[in-house]
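Student: Model the following, please.
(chains A and B)
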2 protein chains.
Amino acid sequence: MEQMMGKQSVRFQNPVKIASHACVGGKKEGEGPLGKRLDLVVEDPMFGQDNWEESESSFLKTAGEIALRKGKRKKQEVRMAFCGDLLGQLIASSFGVEKLGIPFYGVYGACSSIGAALSAGAMAVAGGFANLVLCAASSHFASAEKEFRFPLGYGSQRPFSATWTVTGAGAFLLNGEKGKVAVTGITTGKIKDFGVQDPFNMGACMAPAAADTIYQNLKDFGRKPEEYDRIITGDLGVIGQKILIKLLKENGIDAVKNHMDCGIEIFDGPEQDTHAGGSGCACSALVLSSLILPKLESGEWKRVLFVPTGALLSQVSANEGRTIPAIAHGVVLETV
Amino acid sequence: MEQMMGKQSVRFQNPVKIASHACVGGKKEGEGPLGKRLDLVVEDPMFGQDNWEESESSFLKTAGEIALRKGKRKKQEVRMAFCGDLLGQLIASSFGVEKLGIPFYGVYGACSSIGAALSAGAMAVAGGFANLVLCAASSHFASAEKEFRFPLGYGSQRPFSATWTVTGAGAFLLNGEKGKVAVTGITTGKIKDFGVQDPFNMGACMAPAAADTIYQNLKDFGRKPEEYDRIITGDLGVIGQKILIKLLKENGIDAVKNHMDCGIEIFDGPEQDTHAGGSGCACSALVLSSLILPKLESGEWKRVLFVPTGALLSQVSANEGRTIPAIAHGVVLETV
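Tutor: All right, here's what the predicted structure looks like:
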């Protein structure tokens, strides 16, 4: 059976099962609509560490440890970890994984990193190159603001198009045997650049990439939107969602009914003052572990297209006045 | 046939062939010992762009284009690109790949990035998930100094333990059919941290990671060092090489005779004032394309263990006084 589908997709001959998963969030995430579903809420934004970056590494490490515990596996059994985060040179991931001692490939796709991690991890398992893989991603409100915007101490005002970076991490153990939900396919994203330059409007910047990946996934697999119980983007927020729906409609796809966005789900926007929604690598990862997988595990949903979205900017590229390209990776999840 | 070998390695049942490859270097690289073997030397450090980062993206894009031309393939045929660089949020790769329009996963392992890219790319091909994959990595002396050390305008003095970041990019097209050299196995690196904090002594920082990966590769495959024509590390330089040889000897491995280091090969240290050697993602990538693969293609060598090395630091982690963890990924290359 051919595993390459259409132009950009893979259908796994050997479905890759999610053996266990975990998510750890910060105080604000704990107070949000999904708060009760998180495995752990850490009220201290420093996680007992000396700085925000080490705190973020602790979130990642802890999510990995909880996933291992829930799956009754030892870290020594994990053959490869694919992890990513938003910080320069992926320091949150490397310092986090270092403590776990698992062989490690860093992956980067900005806030879509968990999509890249799950895609690469699923290929490693499906190809028979690893029998147990850890995929994880983290972000931290304070470390991300420091990296991309202004020091928190400035007390800068945030426009309503801005999103709020989720503090936390999600971790997923992939294997070939155990698990109620499988990664049955992937669609590798292309970089799309519509010329947006505003780092406070990531939704607008990422919507074209999400639309492109969703369009390509449907085409490659020959599916209609309604063949997915939900098509779930990463962190477009309320502004990006409108653009996505419009772009898909222009291409003959009506995704109004079954579209969902992790950035909209994770916070109660008006109540929690998060403006356009949540964002960051942890946004998609937390919603996947706390909401999407449980609904697939219970059988309420049978098939979901999970499309984490990422804006590929850096401090340097933003200061140089360059546009913000974006990417979105598609991961097909099905009840097995 | 079992593909998982020992604890950290993979032996590919379907060897993954290198269909074509290319390397592009800057002026200094062109003047070095491998200068005549580069596909293209770009004398202008700006590559006609507005800044160093865009210049680096142009190196990456150009290396990819030359590899495609040499392999007589079109960019539209490439199903996935795995690329990495040293800059925060991988902007050199994303802006470079954006122009190629190839579905893209960002990978990061600092100067070991080409090792991570080749490993992930080889798994994608060997598993039947892609019939043509582009793996590439880039670095640029000026963009790296700006990112990690001091602005060039300061004219800071460089200690003799410092390495010189290679300007350029290497690109490799992987497939299942054509090619004289194959990726026949990989060993995924673990993060090793020996407490080095000096960003001007990367060799010392990375040597333990290289030793660990080499040790594990030999153990996983049940090979002796002499079963490889060469064991070739990424960018340890002259100081790191001494530490590596010593660490391996302590573990009963004599690698003096067949060890080689890309950082030592790429520049004429005393003549070119590059101190401990070359470094950067492009260092391993350029030496792989200009020296290692030609020797395998000609049959002079039959089997090589290629071990790009990376120091996982960032501006932020260095300013916070944290140690520099390192990683090294093993890639087994054989004449087929």
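
Student: Counting neighbours, which bits of stretch A:60-71 end up buried?
Tutor: A:60, A:61, A:62, A:63, A:64, A:65, A:66, A:67, A:68, A:71 (16 or more other C-beta atoms under 10 Å in any protein chain shown). For the C-beta atoms, the positions are set from N, CA and C on the backbone; glycine is no exception.

Student: Could you find the closest non-adjacent residue to residue A:203?
Tutor: If you skip the residues right next to it in sequence, residue A:203 has residue A:240 as its closest partner in space, 2.5 Å away by C-beta to C-beta, 6 or more residues apart in numbering or on different chains.

Student: distance of the residue lying closest to residue A:281 once chain neighbours are set aside from residue A:235?
Tutor: Distances taken as C-beta to C-beta, 6+ apart put residue A:137 closest to residue A:281, at 3.8 Å, once the chain neighbours are dropped. As defined by C-beta to C-beta, to the nearest Å, residue A:137 lies at a distance of 12 Å from residue A:235.

Student: what do those two both touch?
Tutor: Counting by C-beta atoms under 8 Å, 6 or more residues apart in numbering or on different chains, the contacts common to residue A:137 and residue A:235 are residue A:284.

Student: which residue is nearest the middle of chain A?
Tutor: With distances taken as C-alpha atoms, centre = their mean, the residue of chain A nearest its centroid is residue A:284 (3.4 Å).

Student: Am I right that that one sits in a helix?
Tutor: Yes - counting by DSSP: H, G, I helix; E, B strand; the rest coil, residue A:284 is found in a helix.

Student: Now for the residue in the stretch 151-300 of chain A that chain B sits nearest to, how many residues are close by?
Tutor: The shortest separation between the stretch 151-300 of chain A and chain B is 3.6 Å, found at residue A:188 (distances taken as C-beta to the nearest C-beta). Burial measure for residue A:188: 28 neighbouring residues, criterion other C-beta atoms under 10 Å in any protein chain shown.

Student: Quick check: it touching residue A:331?
Tutor: No - look at residue A:188 against residue A:331 with C-beta atoms under 8 Å: they stay out of range, at 10.4 Å.

Student: hmm, back to that, return the residues in contact with the residue nearest to residue A:203.
Tutor: If a contact means C-beta under 8 Å, 6+ apart, then residue A:240 has A:202, A:203, A:204, A:205, A:206, A:207, A:210, A:233, A:261, A:263, A:276, A:309 as its contacts.

Student: Kindly reformat those residues as TSV containing neighbour count and pLDDT.
Tutor: Conversion of the contacts of residue A:240 to TSV gives the following (neighbours: other C-beta atoms under 10 Å in any protein chain shown; pLDDT from 0 to 100):
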residue	neighbour count	pLDDT
A:202	32	92
A:203	30	94
A:204	22	94
A:205	28	95
A:206	37	97
A:207	29	97
A:210	34	98
A:233	32	98
A:261	28	98
A:263	32	98
A:276	29	94
A:309	35	98
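
Student: tell me how far the strand ranked longest in chain A is from the chain's mean position?
Tutor: Counting residues, the longest strand found in chain A (DSSP state E) is strand A:9-26. For strand A:9-26, the gap between its own C-alpha mean and the chain's C-alpha mean amounts to 12 Å (C-alpha atoms, centre = their mean, to the nearest Å).

Student: coming back round to it: please tell me how far the residue nearest to residue A:281 sits from chain B.
Tutor: For residue A:137, the distance to chain B under the criterion C-beta to the nearest C-beta, to the nearest Å works out to 13 Å.

Student: Any idea how many residues pack against that residue?
Tutor: Using other C-beta under 10 Å as the criterion, residue A:137 is surrounded by 38 other residues.

Student: can you pull out the helices in chain A?
Tutor: Remark: helices of chain A, listed N- to C-terminal, are A:27-31, A:52-70, A:91-100, A:113-126, A:141-148, A:202-221, A:237-250, A:262-266, A:269-272, A:281-287, A:293-297, A:315-319; assignment by DSSP state H.

Student: Please identify the deepest-packed of the ones you listed.
Tutor: Mean neighbour count (mean count of other C-beta atoms under 10 Å in any protein chain shown) peaks for helix A:281-287 among those, with a mean of 36.

Student: what's next to that helix, contact-wise?
Tutor: The contact list for helix A:281-287, computed with C-beta under 8 Å, 6+ apart, reads A:23, A:25, A:29, A:34, A:38, A:59, A:84-86, A:110-115, A:136-140, A:165-171, A:232, A:234-235, A:262-263, A:265-266, A:306, A:308-309.

Student: Can you show me the CA trace of it as PDB?
Tutor: Extracted C-alpha coordinates of helix A:281-287, given in PDB (Å, rounded to 0.1, in the frame of the first residue of the first chain):
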ATOM      1  CA  CYS A 281       3.700  25.800  21.400                       C
ATOM      2  CA  ALA A 282       2.000  24.800  24.600                       C
ATOM      3  CA  CYS A 283      -1.400  26.100  23.400                       C
ATOM      4  CA  SER A 284      -1.900  23.300  20.800                       C
ATOM      5  CA  ALA A 285      -0.100  20.800  23.000                       C
ATOM      6  CA  LEU A 286      -2.300  21.400  26.100                       C
ATOM      7  CA  VAL A 287      -5.500  21.400  24.100                       C
END
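
Student: Please work out which residue of the stretch 51-200 of chain A is closest to chain B.
Tutor: residue A:127 (2.7 Å).

Student: quick one, what contacts that residue?
Tutor: With contact taken as C-beta under 8 Å, 6+ apart, residue A:127 is in contact with B:3, B:123, B:126, B:127, B:128, B:129.

Student: same check, this time on residue A:173
Tutor: If you count contacts by C-beta under 8 Å, 6+ apart, residue A:173 has them with A:18-21, A:67-68, A:71, A:73, A:78, A:132-135.

Student: Residue A:267 and residue A:280 touch, don't they?
Tutor: No - between residue A:267 and residue A:280 there is no contact under C-beta under 8 Å: 11.5 Å.

Student: which parts of stretch A:157-171 are buried?
Tutor: For stretch A:157-171, the buried set under the neighbour-count rule, 16+ other C-beta under 10 Å, comprises A:158, A:161, A:162, A:163, A:164, A:165, A:166, A:167, A:168, A:169, A:170, A:171.

Student: Point out the least confident one among the residues you listed.
Tutor: Among the buried residues of stretch A:157-171, residue A:158 carries the weakest pLDDT, at 87.

Student: got a pLDDT number for the closest residue to that one other than its chain neighbours?
Tutor: Nearest in space to residue A:158, with sequence neighbours left out and distances taken as C-beta to C-beta, 6+ apart, is residue A:275 at 6.2 Å. Residue-level confidence at residue A:275 comes out at 92, pLDDT.
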